[in-house]
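Q: Here's my sequence, what's the structure:
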Amino acid sequence: MTRIRWAALRGANRRYLETYRANSKLMVIWENAAAIVPDMADLLHEATAAFVTRAEKSIRGLQEAGLADPSLDPRYAAHALTGMVSRFAYTWCTQGEDFELDQAIDELTALWARAIGLQGRTDS
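A: Numbering: from 1, shown residues only. So this is what the prediction gives:
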């Protein structure tokens, strides 16, 4: 069961990074505009909230299944971990980091899983 959860987490990270990279110019403009245009900030907040809510539900479900650290607050963990992935994608696209997609996915998945206490495979 843990292997399935690990694969689901890896898949979510893959989809996020692939989508962000495919739309990187728009994503970067959106994030930068949100800093000065209130309507853009509202839209970005809504999109981020949906991402965080899904992560929070996932963490809570893993805790209830006994697969994640029950002492973590799912809301705080979701904000921190989705922020990590989002900031990684932003930095990758804006600063021209020479990252390889599969390794980035593996590293982010391992960090995410370890942060919530999810054990299992680190390979795909």
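Q: Could you export the one helix or strand D102 maps to as CSV, CA atoms only?
A: Assigned by DSSP states H and E, D102 belongs to helix 101-116. Taking Å, rounded to 0.1, in the frame of the first residue of the first chain, the C-alpha atoms of helix 101-116 are listed here in CSV:
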residue,chain,number,x,y,z
LEU,A,101,13.1,16.2,-14.8
ASP,A,102,13.1,12.7,-13.5
GLN,A,103,15.7,13.4,-10.9
ALA,A,104,13.8,16.5,-9.8
ILE,A,105,10.7,14.4,-9.4
ASP,A,106,12.5,11.8,-7.5
GLU,A,107,14.1,14.3,-5.1
LEU,A,108,11.0,16.2,-4.5
THR,A,109,9.0,13.0,-3.9
ALA,A,110,11.6,11.7,-1.4
LEU,A,111,11.6,15.0,0.5
TRP,A,112,7.8,15.1,0.6
ALA,A,113,7.5,11.5,1.7
ARG,A,114,10.2,11.8,4.3
ALA,A,115,8.7,15.0,5.7
ILE,A,116,5.4,13.3,6.5
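Q: how about the strands in this protein?
A: With DSSP state E as the definition, the chain shows no strands.
Q: Where is the longest helix in it?
A: helix 38-64 (DSSP state H).
Q: Now do that helix: distance to the chain's middle.
A: 10 Å (C-alpha atoms, centre = their mean, to the nearest Å).
Q: Check which helices and strands it is in contact with.
A: Packed against helix 38-64, as judged by 3 or more C-beta pairs under 8 Å, 6 or more residues apart in numbering; DSSP states H and E, are the following elements: helix 2-22, helix 24-34, helix 74-95. C-beta: built from backbone N, CA, C; applies to glycine.
Q: will you turn those into CSV that also has mean pLDDT?
A: Listed next are the helices and strands packed on helix 38-64 as CSV, based on pLDDT from 0 to 100:
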stretch, mean pLDDT
helix 2-22, 90
helix 24-34, 91
helix 74-95, 95
